[in-house]
Every structure is written in C-alpha cells, then in structure tokens.
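Enquirer: What follows is a predicted protein model with its sequence.
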There are 2 protein chains.
Amino acid sequence: MSRIVKGPLQRLRKDIPLPLYYQLKELIKHQIETKAFKPHDRLPSEIELSEVYGVSRMTARRALVDLENEGFVYRESGRGTFVAEPKLRQGLRRLTSFTEDIKARGMVPGAKVREVELVSDEHVAQKLNVDATETLVKVQRVRLADNLPLALETSYLIHRYCPEIEQSDFTNISLYKVLNEQYGIYLGKAEQYLEAKSAGPLEAQVLEIEEGKSVLLMERTTYLDDNETPIEFVNSVYRSDRYRFYVELKAG
Amino acid sequence: MSRIVKGPLQRLRKDIPLPLYYQLKELIKHQIETKAFKPHDRLPSEIELSEVYGVSRMTARRALVDLENEGFVYRESGRGTFVAEPKLRQGLRRLTSFTEDIKARGMVPGAKVREVELVSDEHVAQKLNVDATETLVKVQRVRLADNLPLALETSYLIHRYCPEIEQSDFTNISLYKVLNEQYGIYLGKAEQYLEAKSAGPLEAQVLEIEEGKSVLLMERTTYLDDNETPIEFVNSVYRSDRYRFYVELKAG
DNA sequence: TTATGTCTACTGTATATACAGCTTATCATT
DNA sequence: AATGATAAGCTGTATATACAGTAGACATAA
C-alpha cells in the first residue's frame, strides 16, 4: 500500500539560510554525479522542477542556469536542459588536485614523499601574503602516473591554519582532502602560472631525465573560499615528454 | 538653452532583437573600457540604472550580474557594484588574442609577418576536423612585445570560411578582428595545450635565443560560437625568459 | 567614550505573470 | 507522398513586487 503524494516533494528546506536555487542546484548536481541522470539525458523542464520542488519557475530556472555556467548541463532553446559530457565538465578551469587531474587523463596517480617539515621561507611567505617568519609546512613529493615519475611537487601551507598536518602521511592522501575533512577548509580560486625551464640536478634525478632538459614549471597559489586569503603555494616541475597542460577558454 | 530631459535616456533600443540586459551590459562594459568608470568606482545602483535606462530593476540587475561573472565588476551586498581591477578582468578563462594579452601585461604588442600562404597539411587538417586536402591559410608571424621578439606564432585558418583573407596585411591587424568584422565570424571556445620543449633552429633564430633553450609551446584550437566547429589552429612558441602563461582556476 | 539602536540605501532571494521565439510532433490538405 | 498549418512544450526575455540581509551613517543612551 503506497501513499500517494501530491504537491511538492519538500526536499528543499525553507528554514535554513541556504537559498532555494542553491539547494536545488546542488541536488541536481548530485544526481548527475551519481549517474541518476546520465550524459545527454534531458532534465525535467523548468516548470516540472518548480512543481516537484515547490518553488517558482524563476527559482528553478536559476538553478539550471547556474548549472549551465558551471558546465554540468547544456540548454537548448525550445528543447530542454541536458546533462553535459563529463569531459566538458573538466577542462573549464576547474581547480583540480594532481590526483584528480591524472585520473581524468586515464592514468593511475601515485606519490613518493620526499620531505615533510616545518620551515620558514621569505620568498614563499611573500606569495602567501604572510610575515617572513611565519611557520610553513613544506611537503615535497615525487608525483607518479602509472608508476612512472611525472612531476616534482613542492607544496607550502600556512601552519597556523592546519596545525599538526605534518603528522599525516601524504603518500596516498590528497592534501586538499585533508584540508577539507580534518580542518574544514574549503578552497576558492587558484592563480596558476606556467613556464618552460631547464631541469636542475635534483629535478633531473627524481624525474629520471637528463639535466638541462626542458620541463614545465607550474606555480600555483590557492586561496580560501573568500578568494582573498592565500592558503597554499605549490611549485611543480613536470616532465615535458609525459605531460602537457590543458585549459579551455571562452570567448566574450 | 538646454532642454531638460525627464525619464529614461532611451539609449537602449527596444525595436531590435538584442536583449535589453545585453545592450545595457555592453554599454556599461564600454564605459569601463573607455575609463568613463575607473577601477573601484561605484557604478549606479540597480534602481538608478533601471530609472535612467527605462528598464525594470531585474533587467538592470541581470546586466550587472553578467558583468560580475565576466570579471568586469565586483558586487558587495549592501554596498553596491564596483569596477574591478583590470588584472582581475584577465586571467579568468577568457579567450584573448596575442594583442590583448600583451596589452593587458602593460607592454606594446607588435608583429613581423614571415609568411602568408595557402597550404594543405594533414596534421593540421586533423586538428581542424576537415579533409586532409582542404585548403588552409597559413599565417606565420614573429610576435613582439615592446619591440623585442617574444613568440613565433603560426596560425592556420580554414580558407573556405574566410576566402581572400590572405590578401590582408597582418602586421598591425588582429586576425580575430578581421574574422569578426570582414566575415561576420564570432568565436566560441578555444582548447589550449601548453608544454615545454627545446627551441629548434628556426625558433632560435627568430626569437634570438640559443638553439636548445627551453621554450613554451602553446597549441590552440579555436571554435566558432557553436563550440563545435573548429575554425583556427595556432601553434605558438614563446621565449620562456620573457613570458609565462597565467590562468585562474575556480574550485567547485 | 563607547555602545546601541535606527534609518537608509543597496544587493540578494523569491514569486507571479506575460509574451516572444524555437523545436517537435501531429494532423489536415494538397 | 510531400507540404503546410497548428498546437504543445520548452527556454528566453521582461516586468512588477515583496521582503530579507548587509553595510554605513548618524543620533541617542549608558
């Protein structure tokens, strides 16, 4: 015996300060990520969503438009809203960890930890917009893809925000995951620079290439979700024969 | 004797199929670019704009929200809408020409045309998703910043879409501008790859560096505004001592 | 002096409504 | 069998309205 439910599903909470359009957006995003909606499936129309979740059409619309801007769906006038291909969801300058990046390229990521220590460094402190004497956590890892060395990655975190993080074993654990799950730190934007340079002795050794070979240097400053406070500075040196950086740009 | 104008300025045209919010957005963008509004100036409030231009508050709002998403302004709840720093307007995944890019970095862009000819090339044809025999326009230029060689840029266009474009002089003219103004071609997305490599003989010569030095290779495929049809393939080799690539990533 | 409240202006969220424009399917007509 | 009209369903644009939340300025009270 099933109970017939009329009206809204009431899965959105109107008693919390999270906007309805945001709750609906996250709910649909979750359904896409868990494959409840598959690529190129048509999502419910704006009117259907508004009826099912008990919001106005304009609110449902806002959720769909935001999802489109984030690359999760594409919309066609007169036809409907459809789930985008996963590859289109990447590429758009989304901030990804090494692990995510390599997985998306169809390889198996790995790491060998070379060094985890507390340091202070004037140059890095400047990038992180803190005092030169501020204690930093330095994590240096050789990054592997399919068990072959791909990059030498040196991360610096502000110790104050994540005390005792130096106790963690970073061989199999994503740094971003630890920040998120253990310290409740959410990331916002990242600024990233790419340039070409020649491999130095250390880089040549750990990457197993000749000294002087061209390598890709990536410098990244990661910010908290306020997009103002730097939390991490990363210096990564990639083997150029095994890695190239990809980014998708939009006109406008 | 001046005529007193009451009510809307009527600078927006309601008789053409361009949406009002779009017209207003472009108008404000133009005022920002021509410095009528300077960085950190407060723009008129949503209500002021709606009164001045004779649209509803929600329409004015849409223009401002879009401008924020494009990085031209930043909005603060309870305070207003402000013009963003130029540097913040870049970086965000916007597709830019060499000319725009260099100007944004505060240098004077230039070009020396090395070659403009009709060719066919199997490898490039594949990137452009056309038949290997398709006629392509090859434009090779040495790109200058402050009169110093910065990059060797080789563009390939599909001749069918822009016949006779090979007659143009590309020394001082942006390729994208010609596509837009002469052929009515609007660009959508671009896919871009970056890698490090060693300079070959030609590159060393035109960039005035030693052969074998590390250089940054950028490959770009540009698409029409349908985001499906490739229109251009560009191969650019940058001097690594004078250029590094910047991109801003968002979490989420 | 230092809080504390109040007022005002602004952005943020949400609803209801209307009509235009596009796409697809259906059905009637030639 | 091809053509054309029509209707239904969808997104896109636009307006009007309401109230919540935030920030700054200013006056007032402890």
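Expert: Cool, got the structure. Numbering: from 1, shown residues only, chains lettered A, B, ... in the order given.
Enquirer: Tell me where the stretch 51-200 of chain A has strands.
Expert: Secondary structure of the stretch 51-200 of chain A, counting by DSSP state E, counting those that start in this stretch: strands at A:73-76, A:80-83, A:109-119, A:136-145, A:148-158, A:187-198.
Enquirer: DNA strand C: which of those strands is closest?
Expert: strand A:73-76 (6.4 Å; C-beta to the nearest atom of the strand). C-beta here means a position set from N, CA and C on the backbone, and glycine is covered the same way.
Enquirer: do that closest one and chain B meet at all?
Expert: No. Counting by C-beta under 8 Å from any C-beta of the partner chain, chain B is not contacted by strand A:73-76; separation bottoms out at 9.1 Å.
Enquirer: Can you name every helix or strand that that strand contacts?
Expert: Contacts defined by 3 or more C-beta pairs under 8 Å, 6 or more residues apart in numbering or on different chains; DSSP states H and E place strand A:73-76 against helix A:57-69, strand A:80-83.
Enquirer: Show the average pLDDT along that strand.
Expert: Strand A:73-76 shows a mean pLDDT of 92.
Enquirer: Could you list the paired strands of it along with their orientation?
Expert: The pairing partners recorded for strand A:73-76 under DSSP bridges are strand A:80-83 (antiparallel).
Enquirer: quick check, the partner strand touching DNA strand C?
Expert: No. On the criterion C-beta under 7 Å from any atom of the strand, strand A:80-83 is out of touch with DNA strand C, staying 9.0 Å away.
Enquirer: and the residue of chain A found nearest DNA strand C, how many residues sit next to it?
Expert: As assessed by C-beta to the nearest atom of the strand, DNA strand C sits closest to A:G78 within chain A, at 2.4 Å. For A:G78, the tally of surrounding residues (other C-beta atoms under 10 Å in any protein chain shown) stands at 4.
Enquirer: ok, now the one 3 residues further on?
Expert: When counting by other C-beta under 10 Å, one arrives at 24 neighbours for A:T81.
Enquirer: wait, it sits on A:I47?
Expert: No. The pair A:T81 / A:I47 is not scored as a contact, 11.8 Å apart, by C-beta atoms under 8 Å.
Enquirer: still on that earlier bit, want to throw the strands of the stretch 51-200 of chain A into CSV with distance to B:G106?
Expert: Formatted as CSV, those follow (distance: least, C-beta to C-beta, whole Å):
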stretch, distance to B:G106
strand A:73-76, 37
strand A:80-83, 42
strand A:109-119, 34
strand A:136-145, 31
strand A:148-158, 28
strand A:187-198, 16
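Enquirer: mind putting the ones you listed in TSV, distance to DNA strand D included?
Expert: As requested, the strands of the stretch 51-200 of chain A are exported to TSV (distance: least, C-beta to the nearest atom of the strand, whole Å):
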stretch	distance to DNA strand D
strand A:73-76	4
strand A:80-83	4
strand A:109-119	35
strand A:136-145	30
strand A:148-158	24
strand A:187-198	17
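Enquirer: doesn't A:Y53 make contact with A:L12?
Expert: Yes. Between A:L12 and A:Y53 there is a contact under C-beta under 8 Å: 5.4 Å.
Enquirer: Overlap in contacts, these two.
Expert: Shared contacts of A:L12 and A:Y53, defined by C-beta atoms under 8 Å, 6 or more residues apart in numbering or on different chains, comprise A:L20, A:L24.
Enquirer: Spell out which parts of chain A neighbour DNA strand C.
Expert: Residues of chain A lying near DNA strand C by C-beta under 7 Å from any atom of the strand: A:19-22, A:54-59, A:76-79.
Enquirer: I'd like the distance between A:F245 and B:N129.
Expert: Counting by C-beta to C-beta, to the nearest Å, the gap from A:F245 to B:N129 is 22 Å.
Enquirer: Actually, A:Y74.
Expert: Distance, A:Y74 to B:N129, using C-beta to C-beta: 20 Å.
Enquirer: Sketch out the low-pLDDT regions of chain A for me.
Expert: A:1-10, A:87-94, A:252 (pLDDT under 70).
Enquirer: how does it divide into domains?
Expert: A:20-89, A:98-239 (automatic domain parsing).
Enquirer: nearest to A:K250, of those domains?
Expert: domain A:20-89 (10.3 Å; C-beta to C-beta).
Enquirer: chain center to the closest one: distance?
Expert: 21 Å (C-alpha atoms, centre = their mean, to the nearest Å).
Enquirer: on that earlier part again, which members of the residues of chain A next to DNA strand C are classed as buried?
Expert: In the residues of chain A next to DNA strand C, burial by neighbour count holds for A:L20, A:Y21, A:G54, A:V55, A:T59, counting by 16 or more other C-beta atoms under 10 Å in any protein chain shown.
Enquirer: Between which two of those residues is the distance greatest?
Expert: Greatest spatial distance in those: A:Y21 and A:G54, 13.0 Å, computed using C-beta to C-beta.
Enquirer: dump the residue contacts of the nearest residue to A:F98 once chain neighbours are set aside.
Expert: Counting by C-beta to C-beta, 6 or more residues apart in numbering or on different chains, A:F98 lies nearest to A:R143, which is 5.4 Å off, once chain neighbours are set aside. Contact analysis of A:R143 by C-beta under 8 Å, 6+ apart lists A:F98, A:I102, A:P109, A:G110, A:A111, A:P149, A:L150, A:A151, A:L152, A:E153, A:S236.
Enquirer: One more pass at 6 Å, please.
Expert: Residues near A:R143 by C-beta atoms under 6 Å, 6 or more residues apart in numbering or on different chains: A:F98, A:A111, A:L150, A:A151, A:E153.
Enquirer: now the helices: where do they sit in the stretch 101-250 of chain A?
Expert: Here the stretch 101-250 of chain A has its helices, by DSSP state H, counting those that start in this stretch, at A:122-127, A:175-183, A:201-207.
Enquirer: Distance to chain B for those helices - can I get that in JSON lines?
Expert: Output for those, formatted as JSON lines (distance: least, C-beta to the nearest C-beta, whole Å):
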{"stretch": "helix A:122-127", "distance to chain B": "14"}
{"stretch": "helix A:175-183", "distance to chain B": "9"}
{"stretch": "helix A:201-207", "distance to chain B": "12"}
